[in-house]
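# can you look at this prediction? I've put the sequence above it.
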Amino acid sequence: MIPKSNRLNAKRHFKSVYQKGKTIRSKLFICRYLRKPTDQPPRISVVISRKKVPGAVERNLIRRRYKAAFKNCMQGLSGIDLIFIPNGSQGQEFKEIARGVEECLKNL
């Protein structure tokens, strides 16, 4: 589980990332991010549409995999808000997701 300080959950924070942030597209997901000048810890959220993944159990599994992959790579990051939007990634292995997240974070 990711600590509360690393969770992006306020509506105004989502709005600012969507309006002012930049986008990185991957085969597995879309990553929206916004750099902040402060030295705050990185914050993450995973947004999955009910249309793409209809089952709640599968959606939560995907969320947990993305958050675990982020947790493994978040050392050295600061002052950034990230929103991962998976492309209906049902059945993807954790290794694939972790590799994609790692590549994305290197490109920031």
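Nice, I can see it.
# just the buried residues of whichever helix or strand E58 is part of, please?
Following DSSP states H and E, one finds E58 within helix 56-73. For helix 56-73, the neighbour count (16 or more other C-beta atoms under 10 Å) marks 59, 62-63, 65-67, 69-70, 73 as buried. Bear in mind the C-beta positions are built from the backbone N, C-alpha and C, glycine included.
# swap in stretch 71-90?
73-74, 77, 80-86, 89.
# residue boundaries of the helices in this protein?
Remark: helices assigned in the chain by DSSP state H are 11-20, 56-73, 94-106.
# tell me which of those sits nearest to T38.
Smallest distance to T38 across those (C-beta to C-beta): 13.0 Å, for helix 11-20.
# and the closest one, how far out from the chain middle?
14 Å (C-alpha atoms, centre = their mean, to the nearest Å).
# ok, residues contacting it?
Outside helix 11-20, the residues within contact range by C-beta atoms under 8 Å, 6 or more residues apart in numbering are 8, 32-34, 43, 45, 81-83.
# circling back to that earlier point, tabulate the helices of the chain (TSV), appending distance to P3 and mean pLDDT.
Converted to TSV, the helices of the chain look like this (distance: least, C-beta to C-beta, whole Å; pLDDT from 0 to 100):
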stretch	distance to P3	mean pLDDT
helix 11-20	16	93
helix 56-73	9	89
helix 94-106	18	90
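# so for I2, which of those helices sits nearest?
helix 56-73 (5.2 Å).
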